[in-house]
Structures are given as structure tokens and as C-alpha cells.
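Give me a model of this one.
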Amino acid sequence: MDIARKLGYLRVPDGMVIDARAAQDLPGDQVLLICTGSQGEPMSALSRMANRDHAIGIGEDDTVLLASSLIPGNENAVNRVINGLTRQGARVVHRGNALVHISGHASAGELLYCYNIVQPRNVMPVHGEARHLRANAHLAESTGVPAERIVVAEDGTVVDLRAGRAEVTGKVPCGHVYVDGQLVADLESSLKDRRILAEEGFISVVAVVDTATGALVGAPEIHARGSIATVAPFDDVAALITRTLSQAVLDGTTDVHELQQQIRRVVGRWVDPTHRRRPMILPVVVT
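The predicted model follows:
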């Protein structure tokens, strides 16, 4: 707003812009709030208003204008905001029911205008998906920028600018950065395990094996969380585990890791057809 006012695109009379705290003392029909949240961002002001988690409340006489287009993938988040505002009685106006949005991104004609004014020696489009970057590059080429001076780079691409010429010189590894509490690292494998635990649960098996005789010292202890509701079905698989481990030890297998793998295979082959689940299986073998 400040930049638009300085450039003359937005004309706001003196006294019209007030502090948010002062707005609470004015009648609702005299206040216009400009806030974040048109894409349903969880911590944005509008999302918090929709969730009744903001100092500013929404009432029956309020009109909310979402002057934005949906970014693909944000549909559910935006719909939750619209539903939350509507539930509180607000009238919600958005692109789906009114002509209230124009793109904030430059069109092809505006990009051509920019290239003709700037006349760059090198061009590197940096915003959008692959198709947008390529389209932007073609526009630059059509204004006279040599094709060899147009760089279409992806994340991790190394671009050097030497003697006034930009060129790709290498690539560095890059990817998503996961933040887990105070740990910032590559947690992709950890997230995969969490998804399995959340959707399928887990089964733990503890077996004590006498490697001298091949016999189990007692029946295997089997516990399930979030996977199978009752303990009774474990009788069948416990017998399978006992027979498998006993045979493996008699065949000369004494490695704890291999015995644990035997348990994992037995339980996996049993639980999938029996319960249509693929839980995380945590075997523990004590010898």
C-alpha cells in the first residue's frame, strides 16, 4: 500500500488509515480491514478469524472479500476459511461468485514491455513451474535476447556470471528442509515411518530363543497399537513364529538380525491377508 501510494496508483485521503486498535472503537460499517489469508494459510489473520482465534471477530453484518485466485493445492484450506466465515454469518465474496480478482503476475504483453525497456544482456526466469519458465524464456528471445544468454535453471543449478555472461556451470544437491522441534535435517525417512504409524499402526514381537536347543523360552509376546483391536488373533501367528524361529535355529541361524527378519516376514505375511493392514513390525529377539 505504501509503495502504491507513493507511485500514485492508490489515493487514500488523510486520516483514512488508522491503527488496528482504534478500529475497535468505530462502528463496523465504517471499518475496512486488509489482512492476510486469502490462500487459507493456517496462521494468517483471516484463517484465525474463521476459527474464532483472533482479536477481531466476524459478525452477521460483515462482508469478506477474497480478491485472489486459488493456488492449486490450496482448495481445501481456502474452503475451510470460507466455511468458517460463513458459519459466523459473514457474506463471503470470492472469484467463484464475483469478478473480484485480477492476477498479480505480469502477462505476456507486460513482460515484453519490460524486456524492451530494460534490454537485458542475460535473462533467467525465476518464478513459476517449468512451463512458465520456458514461456518466459521464449518471450525474452522474441525481444532479441540471444538464446545462449537465456538460462532456465532449476533448484540446485549453479549459474555463474562472468564477463557479463550468465551460464550454467554445475549443480549442487538440494531439497526440502524438514523442521522437527529444534532439529533441522533430512527427516524424510522419519516422516515415512510416522505416516506408517499413523495410518497402519505397529506390531511388536518379543521372543526369547535358546540357541542351544532351538526352543523358545515361553511364547512370543505380541503387542499391537493402532493396528489390530484385539489380542485373540495373535494365537495363530504366535504358533507360526515359534515354528519358524525353532527351525531357523536348528538350521544353524544364530544371528539376531536374521532371526528378527524371520519374525518380520512371518508377521507381514500373516497380517496383510488376515487384516488387510500393513503395520510397522518391530521384532526383538533375545538369545
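
Now the element after the longest helix anywhere in the chain, going C-ward?
If you go by DSSP state H, the chain has its longest helix at helix 256-275. From helix 256-275 onward toward the C-terminus, using DSSP states H and E, the following helix or strand is strand 280-286.

residues making contact with that next one?
By Cβ atoms under 8 Å, 6 or more residues apart in numbering, the residues outside strand 280-286 that reach it are 193, 196-197, 200-209, 245, 256, 259-261, 263-264, 267-268, 271. C-beta: built from backbone N, CA, C; applies to glycine.

mind running it again at 6 Å?
The contact list for strand 280-286 (Cβ atoms under 6 Å, 6 or more residues apart in numbering) reads 196-197, 202-208, 256, 259-260, 263-264, 267.

Go ahead and build a PyMOL selection from the buried members of the residues you listed.
This is the PyMOL syntax for the buried subset of the contacts of strand 280-286, where burial follows 16 or more other Cβ atoms under 10 Å:
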select buried, resi 202+203+204+205+207+208+259+260+263+264+267
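
Could you single out the nearest of the contacts of strand 280-286 to residue 75?
Nearest to residue 75 among those: residue 196, at 26.8 Å, using Cβ to Cβ.

That closest one should be in a helix, yeah?
Yes - according to DSSP: H, G, I helix; E, B strand; the rest coil, residue 196 belongs to a helix.

Distance of it relative to residue 285?
22 Å (Cβ to Cβ, to the nearest Å).

What of residue 182?
Counting by Cβ to Cβ - residue 182 and residue 285 are separated by 34 Å.

neighbour-wise, which of these two wins?
residue 285 (21 against 5; other Cβ atoms under 10 Å).

How confident was the prediction at the more buried one?
With respect to pLDDT, residue 285 has a value of 90.

got it, and residue 186?
At residue 186, the model reports a pLDDT of 66.

Provide a complete list of residue ranges assigned to strands in this protein.
63-65, 91-93, 157-162, 165-171, 178-180, 183-185, 202-208, 221-225, 280-286 (DSSP state E).

List the residue ranges of this structure that fall below the pLDDT cut-off.
185-189, 229-232 (pLDDT under 70).

would you list every one of the helices in it?
Using DSSP H, helices in the chain cover 2-7, 20-23, 45-50, 75-87, 108-118, 130-142, 188-200, 234-250, 256-275.

out of those, deepest packed?
Comparing the helices of the chain by mean neighbour count (mean count of other Cβ atoms under 10 Å), helix 45-50 comes out on top with a mean of 22.

Name the residues that touch that helix?
35, 36, 37, 54, 56, 58, 81, 84, 85.

and the nearest residue to residue 114 once chain neighbours are set aside, how many neighbours?
Using Cβ to Cβ, 6 or more residues apart in numbering and skipping the chain neighbours, the partner closest in space to residue 114 is residue 106 (6.9 Å). By the criterion of other Cβ under 10 Å, residue 106 has 14 neighbours.

Residue 224 reaches residue 203, doesn't it?
Yes - if you go by Cβ atoms under 6 Å, residue 224 and residue 203 touch, sitting 4.8 Å apart.

give me the beta-bridge partners of residue 205?
Residue 205 forms beta bridges with residue 222, residue 283, as assigned by DSSP bridges.

pretty sure it is touching residue 222, no?
Yes - look at residue 205 against residue 222 with Cβ under 6 Å: they come within range, at 5.3 Å.

quick revisit: let's have the strands of the chain in a markdown table, adding distance to residue 235.
Shown next, in a markdown table, are the strands of the chain (distance: least, Cβ to Cβ, whole Å):
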| stretch | distance to residue 235 |
| --- | --- |
| strand 63-65 | 59 |
| strand 91-93 | 57 |
| strand 157-162 | 58 |
| strand 165-171 | 56 |
| strand 178-180 | 39 |
| strand 183-185 | 41 |
| strand 202-208 | 14 |
| strand 221-225 | 9 |
| strand 280-286 | 18 |
